[in-house]
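1. Starting from these lines, generate the structure:
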Amino acid sequence: MAYKITYLNTEGTSIVDERGKRIVLKGLNLGGWLMMEGYMFGGRNISEHELRASIEKKLGKDALAEFTRAFRDTFIREDDIKTIKSWGANCIRIPFNYRLIEFEDRTFGLNKEGLSYLDRAVEWCEKNNIYCILDMHAAPGAQNSAWHSDSYGKAELFTSESNKDRYLRLWHFLADRYKGSSAVAGYDVLNEPVVGLPEEGAVKDLYNRVVKEIRDTDKKHIIFLEGNILAQRINFMGKPADHNTVYSIHTYQPLDFTHNFEIGLKYPGKAHSIMWDRNSLELLAKTYISFMNKHKVPLYVGEFGVNARDGHAGEVKWVKDIISIFTENHFSWTYWTYKTIANYAFPDGIYRYLANPAWVNRQGPVSGCETFAELWPKEKGRMTLSWRTENFVRNDKIYAVLRKYFL
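-> Purely as a prediction, here's the structure:
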């Protein structure tokens, strides 16, 4: 009988297993799979609903369903879970769009086909003895105004009782469904909320409500709560009301360097007249460490990552420095992300797709996912094959750093 990994819990500032042994979660995000983001496919940052609408408008519902199924079946497979496990990682964060589960008619009809992919991911983790964190990357009404919450340009989760109700019911349903899986480390209930500072109480109130919904059916799993302003501000949350809670932060500082928005920046080096080096990153971490110790709550860095420039800009050292700080302070972490189409900006994958076929078309004027609707009828076979990980190239310089800290 295969070994079954234990449920996780919290004890003070630590995550522990059922024997009370400290577990530091270390792994990768499966970005782009169950929640598509434009830049990850070599194009503009259009939202998932825009991409899907463009395919449906041009090709019809059946072609959209065919495209979606082919992509989800190919981009991440069980072999990818085995690969991540073989690197020494013990955790995978799985971002998903609420639309994966809820039909788009805004009623709580169950999308069984979409849900089957989340089931599949959890089953793969169970089989391969690796933890997963289920991350609602896009919530009903959207928790921020950006493409990565699949928004329509506004954050309407916090201002609409209907959206809140749908959100709460979704988490009750998911918690009930996965409460028997010890491979689920926990539920990251809301990715990167953004509200004005005077409205932070609305985020805290929704968190209190979703914790009650989850605990109504699932007493065991950790609940991960992200801070405001893209998971950076956590002070407003104070001491967690539920004992089995972890606070999640994201860090990409300095943004113009990690995302390669300003060409030529190096690390260590200056960005906006501020010197960034290991000391700067330590200073950034100090406020979080102080908060963690004051409130006796573990911290988890759900996202951090860098645009790769073959090591010449110091991005490998940035990764090494920031993970070393996480390690010294027992922060759990998952790197963003496992695989992407290689691009010139935004954090990219450990695996990168370097080729430039027509459905990447980096030279433009139309690139990446915005070519999909036009090319799918003629190129579906080649496109689908290109999404398999064996056609991506591993970034061995950053991989070597991750591997060192995984083990």
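2. Per-residue pLDDT of Y3, please?
-> According to the prediction, Y3 has pLDDT 59.
3. meant to ask about F108, not that
-> According to the model's per-residue confidence, F108 sits at a pLDDT of 53.
4. L100 too?
-> If you check L100, the pLDDT there is 95.
5. residues contacting it?
-> For L100, the contacting residues are 34-35, 111, 114-115, 117-118, taking C-beta atoms under 8 Å, 6 or more residues apart in numbering as the criterion. (Glycine included, C-beta is placed from N, CA and C.)
6. which of the residues you listed lies closest to N279?
-> Distances from N279 to the contacts of L100, taken as C-beta to C-beta, are shortest for M35 (35.3 Å).
7. That closest one reaches E48, doesn't it?
-> Yes - with contact taken as C-beta atoms under 8 Å, M35 and E48 are classed as touching, separated by 6.4 Å.
8. Common neighbours of the two, please.
-> Jointly contacting M35 and E48 under the rule C-beta under 8 Å, 6+ apart are 97, 138, 150.
9. With respect to N191, which of those residues is nearest?
-> A138 (7.6 Å).
10. And for that closest one, nearest residue in space, chain neighbours not counted?
-> Counting by C-beta to C-beta, 6 or more residues apart in numbering, A138 lies nearest to D150, which is 3.8 Å off, once chain neighbours are set aside.
11. Ok, E282 next?
-> In space, E282 comes closest to I325 once its chain neighbours are excluded; the distance is 5.9 Å by C-beta to C-beta, 6+ apart.
12. residue ranges for the helices of the stretch 301-407 of the chain, please.
-> With DSSP state H, counting those that start in this stretch as the criterion, the stretch 301-407 of the chain has helices at 315-328, 372-386, 396-406.
13. likewise the chain?
-> Listed in chain order, the helices of the chain (DSSP state H) span 48-59, 61-75, 78-86, 112-127, 161-178, 200-215, 228-231, 255-258, 278-295, 315-328, 372-386, 396-406.
14. what's next to the second one, contact-wise?
-> Looking back up the chat, that one is helix 61-75. Under the criterion C-beta under 8 Å, 6+ apart, residues 32-34, 36, 52, 55-56, 59, 113, 117, 339, 372, 376-377, 380, 383-385, 387-388 lie in contact with helix 61-75.
15. And the last one, by the same measure?
-> The list of residues contacting helix 396-406 from outside it, by C-beta under 8 Å, 6+ apart, reads 26-28, 87-90, 306, 308, 310-311, 315-316, 319-320, 323-324, 327, 335, 350.
16. What subset of the residues you listed is buried?
-> Neighbour-count burial (16 or more other C-beta atoms under 10 Å) applied to the contacts of helix 396-406 gives 26-28, 87, 89-90, 306, 308, 315-316, 319-320, 323-324, 335, 350.
17. quick one: low-confidence parts of the stretch 51-200 of the chain?
-> Across the stretch 51-200 of the chain, residues meeting the criterion (pLDDT under 70) sit at 103-109.
18. if we go to 80?
-> Counting by pLDDT under 80, the stretch 51-200 of the chain contains low-confidence ranges at 103-110.
19. thinking again about what came up before, tell me which of the helices of the chain lies nearest to A146.
-> Each of the helices of the chain was scored for nearness to A146 using C-beta to C-beta, and the closest is helix 228-231 (8.7 Å).
20. F173 contacts I101, doesn't it?
-> Yes - between F173 and I101 there is a contact under C-beta under 8 Å: 7.5 Å.
21. Look at these two and report which has more neighbours.
-> Neighbours of F173 and I101, each counted by other C-beta atoms under 10 Å, are more numerous for I101; the result is 22 against 17.
22. No further queries at this time; thank you.
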